[in-house]
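Visitor: no FASTA, just this:
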């Protein structure tokens, strides 16, 4: 292993850059010029090793920078300001402060310069096991190519004077022995013109904006009371119109703009999509017009994009008759928990100046709640399974015991895909232009992956291909792929429950549940997985073996790629949801069921006590492992991976049943409050948008993120508010209009 002294050598090497500022006027002397201190030496481009050679244009630009003025408020040359913009090491190397961005803004203020970020793989045994990455920001002339930004650093050995060479020997020794030159990567911030993709995305957004304007105008015009003129004159027509309004035969007024709630509940099959059952039929919102203007295809289509209509729907706080109101609060708090967990996770992706400090938090008891925020996704699986069973059992009852699979699958695909593909379009084409910061271009390269693998998202197979989550497009959308795959097989369980009742449901659920538990245990055993208390559990999900064990190591299967996002390992919560949906559907009213007539006090107390244990064990069960930095045995890991999510799902199932059956008390009143209903309707859009908001927050900074509890809470609140604000716009402009269009194309009743 390399001794720790090399860390100090790295510090010395970077600090040398500051000294070079005074030497650069003599680093590139012209022919015949004298070097300092009386030595005569000519350095031509050919004398530099070809591997680290600067391009001629870059060298000439550096020579010119010696005499050009810098910034107006700084009395230094352009070259001095460029060097001052270079990244330099700060305190906290032992905490993995390896992000030395420098001053991006100062470099951008100069003319004909560009900021480049060098990512260098170094072996620092004192900091971590295996390889680490150091990122160094440099400011170079615009004439320099990307590789010149790196070659400039490596060329110091060739151009330094003999007088200063002893001071640089340690730096040169470090660079030659402990840095793998071939693994240096450079990203330069350059202004690139819009290509066909971004232009097409702008055109699509413009068309949607035009539809919103037209739809809002048409809906406003049609919502105005129009008297039906009769042969006796305008006033009689006016009186006739008023009497129709009083009799409820028209839909005028403010209430007519609000989408009505249809009892069919088609939207309840997508808990992330919407919390209410339906926006309602468009014909119920048309007003006192002659029949030839009421139900035309044009009117129905255009009014789907009515802003006032969609806004009123989102802000409506009235619960639908026949729904389960507590689900709205569960959605909102589960979504907030996901955002909280991602807020603490994102610095591991985009960079943090004290990353080691985050690992120390795993030994703290309160941090277990954040560490295990992935259980919030299992809550959504429970809700999804419950609503699919609840609403489709009613459809099967009304349709005589059959399911139209074509409509069943088309309904689901058309409900989720438009908003999903809209976010994918923005991410692939436009988001890269939304920010300028040191690490923006380096970390915002996921759009390149989307250009290659966008079709896997469209087919909802992105949890299988590409095989690693970090190489997939919109990596956080693995949930949608899993939920779609569960939805595909759900008719088997629904029909078993309909035809054979609780026995058929028990057999179907039992077989699938047993298969899932066995599959998870077998995979965990074969791959010899262990929960390691020395590392973040949430980080283990995204383990990249090529980083931990060297850049040339072959990636191996991690918990994420083998278990975390695979349907055969994650279906257990969904199956619990199907059971809950069956029970809720077969309990038509609380007052007439034998379930509600059970001794309420002891039954409720036992149920809540058991559910509390089911919640606490998965989240805090590994606390001692992290506190003692221990490692679970393979057998214990198998048990935890196989049953932890099932335990959580059973707890959520009791919460829903208790609230529905009248055992919720103040908890049910709180979760069922109308305040949560508007926020619940935005859940799907928030889920799609919140990672983009986190990227904007963390990558838009000129300095690396410094982890503290206060700063992370501030980032969380900013991400939470920003995500819901952006989701509101996306919901009324994209999600709701296309949901209404889907109902026109594929009526699903």
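Guide: Perfect, I can see it now. Predicted, not measured: the structure shown is a model, and the values here were computed from it. Numbers count the residues shown, from 1 in each chain.
Visitor: in the stretch 151-300 of the chain, where is pLDDT below threshold?
Guide: Within the stretch 151-300 of the chain, the stretches with pLDDT under 70 are 153-184, 225-295.
Visitor: could you pull out the helices for the stretch 451-600 of the chain?
Guide: 478-526, 537-540, 545-548, 559, 567-570, 572-585, 600-620 (DSSP state H, counting those that start in this stretch).
Visitor: tell me which of the ones you listed is the most buried.
Guide: Ranked by mean neighbour count under mean count of other Cβ atoms under 10 Å, those are led by helix 572-585, which reaches a mean of 25. Placement of C-beta: from N, CA and C, glycine included.
Visitor: need the helices of the stretch 451-600 of the chain in CSV (columns: distance to residue 188 and mean pLDDT).
Guide: Below are these laid out as CSV (distance: least, Cβ to Cβ, whole Å; pLDDT from 0 to 100):
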stretch, distance to residue 188, mean pLDDT
helix 478-526, 32, 95
helix 537-540, 30, 41
helix 545-548, 23, 33
helix 559, 36, 79
helix 567-570, 41, 96
helix 572-585, 46, 95
helix 600-620, 44, 90
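Visitor: can you redo the ones you listed as CSV with distance to residue 365?
Guide: Converted to CSV, the helices of the stretch 451-600 of the chain look like this (distance: least, Cβ to Cβ, whole Å):
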stretch, distance to residue 365
helix 478-526, 26
helix 537-540, 15
helix 545-548, 27
helix 559, 23
helix 567-570, 27
helix 572-585, 25
helix 600-620, 7
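Visitor: relative to residue 657, which of the ones you listed is closest?
Guide: helix 572-585 (6.3 Å; Cβ to Cβ).
Visitor: for that closest one, name the packing helices and strands.
Guide: In terms of contacts (3 or more Cβ pairs under 8 Å, 6 or more residues apart in numbering; DSSP states H and E), helix 572-585 is packed against helix 375-398, helix 478-526, helix 634-661.
Visitor: in TSV, list these along with distance to residue 218.
Guide: Shown next, in TSV, are the helices and strands packed on helix 572-585 (distance: least, Cβ to Cβ, whole Å):
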stretch	distance to residue 218
helix 375-398	31
helix 478-526	33
helix 634-661	41
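Visitor: wait, which of the helices of the stretch 451-600 of the chain is closest to residue 690?
Guide: Of these, nearest to residue 690 by Cβ to Cβ is helix 478-526, at 12.4 Å.
Visitor: look up the closest residue to residue 465, ignoring the ones flanking it.
Guide: Sequence neighbours aside, residue 456 is the residue nearest to residue 465 in space, at 5.5 Å (criterion: Cβ to Cβ, 6 or more residues apart in numbering).
Visitor: now the helices: where do they sit in the stretch 101-250 of the chain?
Guide: In the stretch 101-250 of the chain, helices defined by DSSP H, counting those that start in this stretch lie at 104-109, 146-154, 156-159, 165-178, 196-222, 234-246, listed in chain order.
Visitor: related to what we said a few turns ago, out of the helices of the stretch 451-600 of the chain, the one nearest residue 385 is which?
Guide: Residue 385 sits nearest to helix 572-585 of all these, at 2.5 Å, using Cβ to Cβ.
Visitor: would you mind measuring from the residue lying closest to residue 467 once chain neighbours are set aside to residue 381?
Guide: Closest residue in space to residue 467, ignoring its immediate chain neighbours: residue 561 at 5.7 Å, by Cβ to Cβ, 6+ apart. Separation of residue 561 from residue 381 (Cβ to Cβ, to the nearest Å): 19 Å.
Visitor: now swap in residue 685 and tell me
Guide: According to Cβ to Cβ, residue 685 stands 19 Å off from residue 381.
Visitor: and if you look at residue 703?
Guide: According to Cβ to Cβ, residue 703 stands 39 Å off from residue 381.
Visitor: these two - which one has more neighbours?
Guide: A count of neighbours by other Cβ atoms under 10 Å puts residue 381 above the other of residue 703 and residue 381, at 26 against 14.
Visitor: got the confidence number for the more buried one?
Guide: On pLDDT, residue 381 comes in at 97.
Visitor: show me what contacts it?
Guide: Each residue near residue 381 by Cβ atoms under 8 Å, 6 or more residues apart in numbering is listed here: 482-483, 486, 570-571, 573-574, 577, 649.
Visitor: okay if I get these as JSON lines plus distance to residue 465?
Guide: Below are the contacts of residue 381 laid out as JSON lines (distance: Cβ to Cβ, whole Å):
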{"residue": "482", "distance to residue 465": "14"}
{"residue": "483", "distance to residue 465": "17"}
{"residue": "486", "distance to residue 465": "18"}
{"residue": "570", "distance to residue 465": "17"}
{"residue": "571", "distance to residue 465": "19"}
{"residue": "573", "distance to residue 465": "24"}
{"residue": "574", "distance to residue 465": "22"}
{"residue": "577", "distance to residue 465": "27"}
{"residue": "649", "distance to residue 465": "27"}
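Visitor: that older thread, my read: the residue nearest to residue 467 touches residue 471, true?
Guide: No - Residue 561 is beyond contact range of residue 471, at 9.9 Å (criterion: Cβ atoms under 8 Å).
Visitor: those two - which one has more neighbours?
Guide: Comparing residue 561 with residue 471 by other Cβ under 10 Å, the one with more neighbours is residue 561, at 23 against 16.
Visitor: quick check: the gap between the more buried one and residue 630.
Guide: In terms of Cβ to Cβ, residue 561 sits 25 Å off from residue 630.
Visitor: contacts for the host helix or strand of residue 412, please.
Guide: Taking DSSP states H and E as the criterion, residue 412 maps to helix 405-429. Helix 405-429 is contacted from outside by 197-198, 200-201, 204, 266-267, 269-270, 273, 392, 446-447, 450-451, 454, 457-458, 473-474, 477, 480, 484, 487-488, 491, 684-685, 688-689, 692, 730, 734-735, 738-739, 742, 745-746, 748, using Cβ under 8 Å, 6+ apart.
Visitor: inside strands: which ones of those?
Guide: With strands taken from DSSP state E, there is no overlap with those.
Visitor: write the PyMOL selection for whichever of these are buried.
Guide: Burial among these is assessed by 16 or more other Cβ atoms under 10 Å; the matching PyMOL selection reads:
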select buried, resi 198+201+266+267+269+270+273+392+446+447+450+454+457+473+474+477+480+484+487+491+684+685+688+689+692+730+734+735+738+739+742+746+748
